[in-house]
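J.: sequence and predicted structure, then a few things I'm wondering about:
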Protein chains: 2
Amino acid sequence: MARSLGRIFRGFQSLGSLAFMKSELSNPPASVSLKSMVQTLPSLFSSNPRDFSLPNPSWGTEMRQLYEHYNSQCEAVTDGGEEQSGLWKRLPSYNRSLKYAAGGVHLSKIIQAKARLFTRNIRDPGAAFEYVIFANKKEQRCVCIFQAGHLLEGPPGNVHGGAIATMIDTVTGTHACVHSGPVMTANLNINYRSPIPLGSTVLIESSLDKKEGRKTFISCNVTSADGTRLHTEATALFVSISVGQLMKG
Amino acid sequence: MARSLGRIFRGFQSLGSLAFMKSELSNPPASVSLKSMVQTLPSLFSSNPRDFSLPNPSWGTEMRQLYEHYNSQCEAVTDGGEEQSGLWKRLPSYNRSLKYAAGGVHLSKIIQAKARLFTRNIRDPGAAFEYVIFANKKEQRCVCIFQAGHLLEGPPGNVHGGAIATMIDTVTGTHACVHSGPVMTANLNINYRSPIPLGSTVLIESSLDKKEGRKTFISCNVTSADGTRLHTEATALFVSISVGQLMKG
């Protein structure tokens, strides 16, 4: 295999909650119907997992305005049931990856069940990562609106470089998945230009540079919400994987 | 100034809790002595903040064994009060940066007071980042033992690339601070070679490549605890800053 291909990207996160539910409920007690069981189970097993990319009361004015700006240009279904085309598509975001694990041998079943997506591991709204990603397939770009909460501190009053790297990986990786299907991150190269103050809202914009065989190259800028200040620049390389590789780890 | 120097590194985090306490207590009620006030205040104001780099019950066997390996080679003070030299020095780790903020305009006082270091923002032992860093000044290298908890998931069953980047930034940045004093991260270039299973313990080893004027170059490898598997390779560039710059943001 040699020095291979980084890590599997979490492009399947949106399947997570359903896959989890299915496996947990595969052997219900004989006397209870699956349907009634689902209805009485706690929210962990809900078939309507929380979509973290929808507005919540912690969102500030800039975050809301930017959300409305892109959301108003999104694909939609009208009240009459007609599909309306749009430049953008909002991507939902949940807090679980697929349940079955590549590294299962290292994990007890309990730890696995408790696993949460790194960027959605704190439920307190506004405390950590608040973000929503919109994809524009026609123009091959994505935009993420990101509001950085007080639990992401690095330098005094500013966002941790690792938290910025995390959002860059998330946005470029999501973009690569939208374009190329399942991928793993192989390289991230990040230049930090100016600090991001804690509590502020920034724009993360990614564009497709090229695709060569199994490799997808994405670039990304992080700017202030009004676009006047460049905070961070990055390039990212992703490598396509088969579903078999995904399961093997 | 131009496209400048990234973000201020959190090399001052060890001062955080004390700086915070000092400022909170600068105007105690006249009838209460500062000393008695400190004694009755809750742990938030304690002059002995929790050092997150000490062993706790969530640490697995590998984490404990590696900790003992390096800790036994550390500088120490004997029972008789004598200072004992050692190859390594364990670096303490707290959950606050300095209180006063570069980005203060963006923050209410409430948010600022609640700010927590990104890598120490979850108190539940074992759930997220468990790590300890040892520095070897003579050989100009650092080693970090890192146990990845279930809240750091990216790809199914594996650690999120952003969480790995966060630890790489933390270890190389700490190393740069030990060598050069206050610095900001300017670049991180990370190659992901193989995924890190959730729940596993890895070694992050950094070495000083060179120092040129204000620039400090550090390299870093992430391997399995037994050193046989390379997970991630990275280079990092840090730029020295003055305390004036730190305060200005």
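T.: All right, it came through fine.
J.: would you confirm that A:K137 contacts A:L91?
T.: No. In this structure, A:K137 is not within contact of A:L91 by CB atoms under 8 Å, at 11.3 Å. Heads up, the C-betas are built off the backbone N, CA and C, glycines and all.
J.: find the residues that touch each one of the two.
T.: Shared contacts of A:K137 and A:L91 (CB atoms under 8 Å, 6 or more residues apart in numbering or on different chains): A:V178.
J.: more neighbours: which of the two?
T.: A:L91 (19 against 12; other CB atoms under 10 Å in any protein chain shown).
J.: quick one: residues contacting the more buried one.
T.: A:S14, A:S53, A:V132, A:I133, A:F134, A:A135, A:T174, A:V178.
J.: likewise for A:E75?
T.: When contacts are taken as CB under 8 Å, 6+ apart, A:E75 is in contact with A:E83, A:Q84, A:S85, A:G86, A:W88, A:K89.
J.: and it, what pLDDT?
T.: pLDDT recorded at A:E75 is 83.
J.: same question, A:G181
T.: pLDDT, A:G181: 92.
J.: which residue, other than its chain neighbours, is closest to it?
T.: Distance criterion CB to CB, 6 or more residues apart in numbering or on different chains; nearest residue to A:G181, sequence neighbours excluded, is A:S240 at 6.5 Å.
J.: repeat that for A:H160.
T.: A:G154 (3.0 Å).
J.: and the helix ranked longest in chain A with chain B, contact?
T.: Counting by DSSP state H, the longest helix found in chain A is helix A:161-180. Yes. Helix A:161-180 is in contact with chain B by CB under 8 Å from any CB of the partner chain, via A:G161, A:G162, A:A163, A:I164, A:A165, A:T166, A:M167, A:I168, A:D169, A:T170, A:G173.
J.: mind giving me JSON lines with the residues you listed and columns for pLDDT?
T.: Below are those laid out as JSON lines (pLDDT from 0 to 100):
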{"residue": "A:G161", "pLDDT": "97"}
{"residue": "A:G162", "pLDDT": "98"}
{"residue": "A:A163", "pLDDT": "98"}
{"residue": "A:I164", "pLDDT": "98"}
{"residue": "A:A165", "pLDDT": "98"}
{"residue": "A:T166", "pLDDT": "98"}
{"residue": "A:M167", "pLDDT": "98"}
{"residue": "A:I168", "pLDDT": "98"}
{"residue": "A:D169", "pLDDT": "98"}
{"residue": "A:T170", "pLDDT": "98"}
{"residue": "A:G173", "pLDDT": "97"}
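J.: can you flag the buried ones in those?
T.: A:G161, A:G162, A:A163, A:I164, A:A165, A:T166, A:M167, A:I168, A:D169, A:T170, A:G173 (16 or more other CB atoms under 10 Å in any protein chain shown).
J.: in the residues you listed, find the pair that's most separated.
T.: A:G161 and A:G173 (17.8 Å; CB to CB).
J.: report all helices and strands that the host helix or strand of A:F238 contacts.
T.: Per DSSP states H and E: A:F238 is located in strand A:230-240. Applying 3 or more CB pairs under 8 Å, 6 or more residues apart in numbering or on different chains; DSSP states H and E, we find strand A:230-240 packed against helix A:161-180, strand A:183-192, strand A:215-224.
J.: pLDDT of it, averaged?
T.: 97.
J.: what lies in contact with it?
T.: Residues contacting strand A:230-240 (CB under 8 Å, 6+ apart): A:5-6, A:9, A:164, A:168-169, A:172-173, A:176, A:180-196, A:202, A:209, A:214-224, B:3.
J.: who's in contact with A:R120?
T.: A:R120 touches A:F52, A:S93, A:Y94, A:N95, A:F129, counting by CB under 8 Å, 6+ apart.
J.: just put the residues of helix A:161-180 next to chain B in TSV and tack on distance to A:E233.
T.: As requested, the residues of helix A:161-180 next to chain B are exported to TSV (distance: CB to CB, whole Å):
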residue	distance to A:E233
A:G161	13
A:G162	17
A:A163	16
A:I164	11
A:A165	12
A:T166	16
A:M167	13
A:I168	9
A:D169	14
A:T170	16
A:G173	17
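J.: so for the one helix or strand A:R90 maps to, mean pLDDT?
T.: Assigned by DSSP H and E, A:R90 belongs to strand A:89-91. Average pLDDT, strand A:89-91: 95.
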